[in-house]
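Visitor: Everything below, folded, please.
(4 chains)
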Protein chains: 2
Amino acid sequence: MSGFQRYKKILDLFSEERSSWTVLEISKSLKTPTSTIYRIVREMVTAEFLESASGSYFRLGPAFIKFNRIINFSDPLVRAGQPFLKKLANENPITSVNVLARLYGNNVMCVADYKSPSFKKNTSYQRGKLMPLIYGATSRAIIIQITGKRLENLINLENFKSDEDKTNFLKELKSDRKKGYCFTEGQVDKGLIGFAVSISNKKLGIVASLSSIFNLDDFLLEHEPIIYANLTTYGLLVEKYINEIFDDIQKYHHETKSIR
Amino acid sequence: MSGFQRYKKILDLFSEERSSWTVLEISKSLKTPTSTIYRIVREMVTAEFLESASGSYFRLGPAFIKFNRIINFSDPLVRAGQPFLKKLANENPITSVNVLARLYGNNVMCVADYKSPSFKKNTSYQRGKLMPLIYGATSRAIIIQITGKRLENLINLENFKSDEDKTNFLKELKSDRKKGYCFTEGQVDKGLIGFAVSISNKKLGIVASLSSIFNLDDFLLEHEPIIYANLTTYGLLVEKYINEIFDDIQKYHHETKSIR
DNA sequence: AATTAAATTATCAAATAATGATAATATCTT
DNA sequence: AAGATATTATCATTATTTGATAATTTAATT
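Guide: Down below sits the predicted model:
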């Protein structure tokens, strides 16, 4: 354990399911002496990346809230896409969850979401949530943008039930890439269906998707064209805004550079 | 520069105003050779705490979104308070911004906020935003909970305009502590007024506040009793829920411990 | 397509920091 | 107030970071 890994390994223990740990537990889990863990934890508490809770437990610290906010106000994808999610929800013919997602390591992460107030079910689509790479339209519209060696590497990390499943997946990937949009049914949450389009910006290295998730029970075939029309329109709008934001950033950096 | 500081110093460069940096810029700013910064930045990119953007710029990475989400779903204060903010907004007699805030290092940080849809002005009260310690009711209701040496240290870090200002502040602090609630006018944003009550939980180490912010123009004296009644009621409710969540956590840890 | 500039990675000896076993305090519990 | 648990301090040993420089890759320009 060295470098940033040393800290990351501790942070990675914290999850929604298990959000507080004692030094002893961390020590056992990482097979590292308590004296070492105490030292590292203390450092991270000072930096507000951890904070001490009651009963000698520690939990994630407020630094994450702070930096998350900065991302919210500055990340081009979030900035460009966030404001459209509500509009998309309002224009969809039935109640929906609308999601901006992007590639995060070997997974897909939701970076913004808007649920219509009338949408009842709890869904897996919430900001910050990691989604499986090979299931759901949200992820599909992202992975169709990846090709060659990179795609191969990503796919090889996944556990398909069978070789047939894998070939099927690759086949669907190919056809969806041609179509330019994706549809899946019940792959992430039972009873839900998803529609998605790709969002990308080469210069900014953005590989993302915009998707709408509906209750299967609400869905009628006649809704389909409207759903696709909405997604395509807003997808293009988001890409346009990303470009504008990119230009702003360029300009800003140019200015601050010439001042010096 | 050693330990976690090494990484933190780089992260601390990133702000809402300046959200992307090149290695060269970081290197100059921290007076550290580029080769060293390249190595550290690479580590943090691997860990997804930074990510490379276009034009050899780097920005904050998605790890913050992920951990922020975990906090959202697990932090007792956020979990307990978040759901009440909307209710509080709906029950307030005039349009409002409602905020949960807590002590963060030597500042106050907003950890959850809900703005009535009809509230027009942009305010400083947004989740993740650091607030000044000595201005605004939101902060006041927090700092009145602090006493003795700790208070002295915090106060000494602040720049008061004059010694008179300082004595006044301390006097107000004392009287607000007695009253149990706070009111300020235009201290953070011009044209806005704030009301706040304290939220605390000793066992969990929570030192926080619940506040409602209004447009001065909307405000009539007859609103005051309702505003205070709402804040007090919801403040107590939040504290009650924090306690319940605390008990849940206790129980959970007890179970997982006995399983082992 | 070739050339040049800029960005990024690799190398390695010297300097510095982390480790972990143990001892010393501090804090909480009963 | 005693006992248990949590946390900090110490320090010789071991391991890692540093930063100047060279090598390589990538992007920009001609």
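Visitor: which SS state does A:G3 fall under?
Guide: At A:G3 the chain is in coil, as set by DSSP: H, G, I helix; E, B strand; the rest coil.
Visitor: Give me the pLDDT for it.
Guide: On pLDDT, A:G3 comes in at 94.
Visitor: can you tell me which residues contact it?
Guide: Shown in contact with A:G3 (C-beta atoms under 8 Å, 6 or more residues apart in numbering or on different chains): B:E43. C-beta: built from backbone N, CA, C; applies to glycine.
Visitor: quick one, helices of the stretch 51-200 of chain A?
Guide: A:63-74, A:76-91, A:137-143, A:148-156, A:163-179 (DSSP state H, counting those that start in this stretch).
Visitor: Which among those helices is found nearest to DNA strand D?
Guide: Nearest to DNA strand D among the helices of the stretch 51-200 of chain A is helix A:148-156 (12.3 Å), distances taken as C-beta to the nearest atom of the strand.
Visitor: and the closest one, which residues are buried?
Guide: A:154-155 (16 or more other C-beta atoms under 10 Å in any protein chain shown).
Visitor: hang on, isn't A:K87 packed against A:Y234?
Guide: Yes. The pair A:K87 / A:Y234 is scored as a contact, 7.2 Å apart, by C-beta atoms under 8 Å.
Visitor: Looking at the two, which has the bigger crowd around it?
Guide: Remark: of A:K87 and A:Y234, A:Y234 carries more neighbours, 21 against 15, as counted by other C-beta atoms under 10 Å in any protein chain shown.
Visitor: Please report the distance of the more buried one from A:P132.
Guide: Noted for A:Y234: a distance of 24 Å to A:P132, by C-beta to C-beta, to the nearest Å.
Visitor: likewise A:I245?
Guide: In terms of C-beta to C-beta, A:I245 sits 29 Å off from A:P132.
Visitor: So which of these two has more stuff around it?
Guide: Legend: neighbour count by other C-beta under 10 Å for A:I245 and A:P132, higher for A:I245 (18 against 14).
Visitor: Those residues of the stretch 1-150 of chain A touching DNA strand D, which are they?
Guide: Residues of the stretch 1-150 of chain A lying close to DNA strand D (C-beta under 7 Å from any atom of the strand) are A:2-3, A:22-24, A:34-35, A:38, A:42, A:52, A:56.
Visitor: Filter those residues down to the buried ones and hand me the PyMOL line.
Guide: Buried residues among these (16+ other C-beta under 10 Å), as a PyMOL selection:
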select buried, chain A and resi 3+22+23+52
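Visitor: Closest one to chain B out of the residues of the stretch 1-150 of chain A next to DNA strand D, please.
Guide: Among those, A:G3 lies closest to chain B (C-beta to the nearest C-beta), at 5.3 Å.
Visitor: got the phi/psi numbers for that closest one?
Guide: Backbone torsions for A:G3, taken as degrees, to the nearest 10, come to phi 60, psi -150.
Visitor: Also A:A47?
Guide: Torsion angles, degrees, to the nearest 10, at A:A47: phi -80, psi 0.
Visitor: I figured it was touching B:K8, is that so?
Guide: Yes. In this structure, A:A47 is within contact of B:K8 by C-beta under 8 Å, at 4.8 Å.
Visitor: give me the number of residues near A:I142?
Guide: The burial count for A:I142: 28, using other C-beta under 10 Å.
Visitor: same question but for A:F219, I mixed them up
Guide: 17.
Visitor: How about A:A229?
Guide: 11.
Visitor: so it sits in a strand?
Guide: No. Under three-state DSSP, A:A229 sits outside any strand and is assigned helix.
Visitor: Report the separation between it and A:A112.
Guide: For A:A229 relative to A:A112 (C-beta to C-beta), the value is 21 Å.
Visitor: How many residues are close by the closest residue to A:S139 other than its chain neighbours?
Guide: Nearest residue to A:S139 in three dimensions, chain neighbours excluded: A:V108, at 4.3 Å (C-beta to C-beta, 6 or more residues apart in numbering or on different chains). For A:V108, the count of nearby residues is 28 (other C-beta under 10 Å).
Visitor: what's across from A:V108 in the sheet?
Guide: For A:V108, the beta-bridge partners under DSSP bridges are A:L103, A:M131.
Visitor: Was I right to think it contacts A:Y135?
Guide: No. Using C-beta under 8 Å as the test, A:V108 is too far from A:Y135 to be in contact (9.5 Å).
Visitor: Quick one: residues contacting A:K28.
Guide: Contacts of A:K28 (C-beta under 8 Å, 6+ apart): none.
Visitor: again with A:T34
Guide: By C-beta under 8 Å, 6+ apart, the contact list for A:T34 reads A:23-24, A:27.
Visitor: wait, which of the residues of the stretch 1-150 of chain A next to DNA strand D is closest to DNA strand C?
Guide: For those, the residue nearest DNA strand C by C-beta to the nearest atom of the strand is A:S35; the value is 3.8 Å.
Visitor: Got the phi and psi for the closest one?
Guide: Dihedral angles (degrees, to the nearest 10) for A:S35: phi -60, psi -40.
Visitor: Apart from its neighbours in sequence, what residue is nearest the residue in the stretch 101-250 of chain A that chain B sits nearest to?
Guide: Closest to chain B within the stretch 101-250 of chain A is A:G128: 2.6 Å, counting by C-beta to the nearest C-beta. Leaving out its chain neighbours, the residue that sits closest to A:G128 by C-beta to C-beta, 6+ apart is B:R69, at 2.6 Å.
Visitor: can you check A:K203 too?
Guide: B:S54 (4.3 Å).
Visitor: What residues does the stretch 1-150 of chain A have near DNA strand C?
Guide: Contact residues (C-beta under 7 Å from any atom of the strand) of the stretch 1-150 of chain A with DNA strand C: A:1-2, A:6, A:32-33, A:35-36, A:39-40, A:55.
Visitor: one more time with 10 Å, if that's ok
Guide: Residues of the stretch 1-150 of chain A lying close to DNA strand C (C-beta under 10 Å from any atom of the strand) are A:1-3, A:5-7, A:27, A:30-40, A:43, A:54-56.
Visitor: Just the buried residues out of those, in ChimeraX syntax.
Guide: To isolate the buried ones among those in ChimeraX, judged by 16+ other C-beta under 10 Å, type:
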select /A:3,6,7,27,30,32,37,40,43,54
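Visitor: So which of the residues of the stretch 1-150 of chain A next to DNA strand C belong to strands?
Guide: Nothing among these maps onto strands, per DSSP state E.
Visitor: Outline the domain layout of chain A.
Guide: A:5-65, A:75-252 (automatic domain parsing).
Visitor: Can you list the low-confidence ranges for chain A?
Guide: A:254-260 (pLDDT under 70).
Visitor: Can you tell me which of the helices of the stretch 51-200 of chain A is most buried?
Guide: helix A:137-143 (a mean of 27; mean count of other C-beta atoms under 10 Å in any protein chain shown).
Visitor: Could you tell me which other helices and strands it packs against?
Guide: Other elements packing on helix A:137-143 under the criterion 3 or more C-beta pairs under 8 Å, 6 or more residues apart in numbering or on different chains; DSSP states H and E are strand A:96-104, strand A:107-115, helix A:163-179, strand A:181-185, strand A:192-201, strand A:206-215.
Visitor: Good, wrapping up.
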